[in-house]
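1. Sharing a model prediction with you, sequence too.
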Amino acid sequence: MRKAKESTVLAWHPSRKVLAVGWVTGEITARNEQENEAYEFTLVHKTEITILQWTSNGSRLISADAVCSCT
């Protein structure tokens, strides 16, 4: 899934086996163990991911980077 790049933050989904990972490159990946799927989000941020948090019901993933760009 990832080459040798440094992860900066992890966030487990509140009710499913889904792990989201923020990377120093600004990319975000998510791994869904229940369905054996992986997702990559490459155009969201341009700098290191510093915040990654699922909403309480798990419907959205909130992220922010080192220069305070939030999605």
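-> Happy to help now that I have it. Residues are numbered from 1 along each chain as shown.
2. only C-alpha atoms for contact and neighbour calcs from this point on.
-> Fine.
3. Next up, the contacts around Gly26.
-> Thr42, Val44, His45, Lys46, Thr47, Glu48, Ile49, Asp65 (Cα atoms under 8 Å, 6 or more residues apart in numbering).
4. check contacts around the fifth one.
-> Taking Cα under 8 Å, 6+ apart as the definition of contact, the neighbours of Thr47 are Val24, Thr25, Gly26, Asp65, Ala66, Val67.
5. Give me the nearest residue to it, chain neighbours excluded.
-> Distances taken as Cα to Cα, 6 or more residues apart in numbering place Gly26 nearest to Thr47, at 4.6 Å, with adjacent residues excluded.
6. And for the last one?
-> When the adjacent residues along the chain are set aside, Asp65 lies closest to Ile49, with 4.2 Å between them (Cα to Cα, 6+ apart).
7. Now do that neighbour, the pLDDT please.
-> At Ile49, the model reports a pLDDT of 95.
8. That one contacts Ala64, correct?
-> Yes - here Ile49 reaches Ala64: they are 5.9 Å apart, a contact under Cα atoms under 8 Å.
9. ok, the two, which is more surrounded?
-> Ile49 (28 against 20; other Cα atoms under 10 Å).
10. and the more buried one, what is it in contact with?
-> When contacts are counted by Cα under 8 Å, 6+ apart, Ile49 is found next to 8-9, 22-28, 63-66.
11. Val21 contacts Ala38, doesn't it?
-> No - applying Cα under 8 Å as the test, Val21 and Ala38 come out as separate, 11.0 Å apart.
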